[in-house]
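sequence-free structure coming up:
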């Protein structure tokens, strides 16, 4: 592998990310299935949606690696779902990270600054 061609590393990185999104989404679904009303609320449904969108963006990034011959070609080509050329790698990678961090930070910030919004016991106005 040419040191300027990062496609192999990107594939490994993307597989790790998609695995993380699947694990987080599965954890939310499992918690909801066990009847925890707090975990069935809108905030964690929002997080679940963000992880699904992050995974979709990661899948677009990973599935188009083989469509190029080198890193420069890969980063300049437009890609998208179902072969529809929408945006370049840089856009999809940024969207993936924005969706992931929105899914993580929204419930964390609420838990710290407004725990009653999550229905956390013992919080002011909580259950």
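The structure has been received and is ready for your questions. Because the structure is a prediction, the values reported are computed rather than measured. Residues are numbered from 1 along each chain as shown.

Which strands and helices lie in contact with the longest helix along the chain?
Secondary structure of the chain per DSSP state H: the longest helix is helix 7-33. In terms of contacts (3 or more CB pairs under 8 Å, 6 or more residues apart in numbering; DSSP states H and E), helix 7-33 is packed against helix 42-63, helix 89-113. The way it works is simple: take the backbone N, C-alpha and C, and place the C-beta from them, glycine included.

and the nearest residue in space to residue 44 that is not next to it in sequence, how many residues sit next to it?
Excluding its sequence neighbours, the residue lying closest to residue 44 (CB to CB, 6 or more residues apart in numbering) is residue 28, at 5.3 Å. By other CB atoms under 10 Å, the residues close to residue 28 number 19.

Check what pLDDT residue 28 gets.
Reading off the confidence values, residue 28 has pLDDT 84.

residues touching it, list them.
39, 44, 47, 48, 51 (CB atoms under 8 Å, 6 or more residues apart in numbering).

The host helix or strand of residue 72 - contacts with which helices or strands?
Here residue 72 sits within helix 71-76, counting by DSSP states H and E. Packing partners of helix 71-76 (3+ CB pairs under 8 Å, 6+ apart): helix 89-113.

Buried residues in the longest helix of the chain, which are they?
7, 10, 14, 17, 18, 21, 24, 25, 28, 32 (16 or more other CB atoms under 10 Å).

any idea how far residue 73 is from the residue most central in space within the chain?
With distances taken as CA atoms, centre = their mean, residue 54 lies nearest the centre of the chain, 2.8 Å away. Residue 54 sits 25 Å away from residue 73 when distances are taken as CB to CB, to the nearest Å.
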